[in-house]
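Trainee: the amino acid sequence is not available; the structure is as follows:
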């Protein structure tokens with residue numbers, strides 16, 4: 001049986017998911033702009049433009065996924081490291 005979560009825990013999870021999605025979207029947009037930007041700003045051969053845009057999209061998607069997963073894993077580990085007794089620093093006390 002799974003223990004029920006408190007409202008504070010559910011709120012923390014919601015905020016962390018929002019942070020993970022927002023920061024991942026921001027990082028992906030920066031990567032996409034950095035890689036695909038030259039193709040949009042300069043007149044380059046068609047093959048080079050397509051390669052830059054495709055590479056930028058692939059990098060952005062991968063970066064988005066990695067960022068979301070790492071933020072949520074780090075949150076899960078931090079949440080599990082809390083003392084079992086509020087106000088006590090040693091879980092065995």
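Mentor: Sure thing, it's come through. Source: prediction; values computed, not measured.
Trainee: list the buried residues in the helix or strand containing residue 60.
Mentor: In this structure, residue 60 sits in helix 46-80 according to DSSP states H and E. If you call a residue buried by 16 or more other C-beta atoms under 10 Å, then helix 46-80 has these buried ones: 49, 52-53, 56, 59-60, 63-64, 67-68, 71-72, 75. All C-beta spots, glycine's among them, are computed from the backbone N, C-alpha and C.
Trainee: which two among those are spaced furthest apart?
Mentor: The largest distance within the buried residues of helix 46-80, taken as C-beta to C-beta, falls between 49 and 75 and amounts to 39.0 Å.
Trainee: how much space separates the residue nearest to residue 17 when sequence neighbours are not counted from residue 78?
Mentor: Setting aside the residues directly before and after it, residue 17 is nearest to residue 72 in space (C-beta to C-beta, 6 or more residues apart in numbering), at 7.2 Å. Look at residue 72 and residue 78: by C-beta to C-beta, to the nearest Å, they are 11 Å apart.
Trainee: picking up where we left off before, check which helices and strands the helix holding residue 60 is in contact with.
Mentor: Under the contact criterion of 3 or more C-beta pairs under 8 Å, 6 or more residues apart in numbering; DSSP states H and E, helix 46-80 touches helix 7-41.
Trainee: many thanks, I have nothing further to ask.
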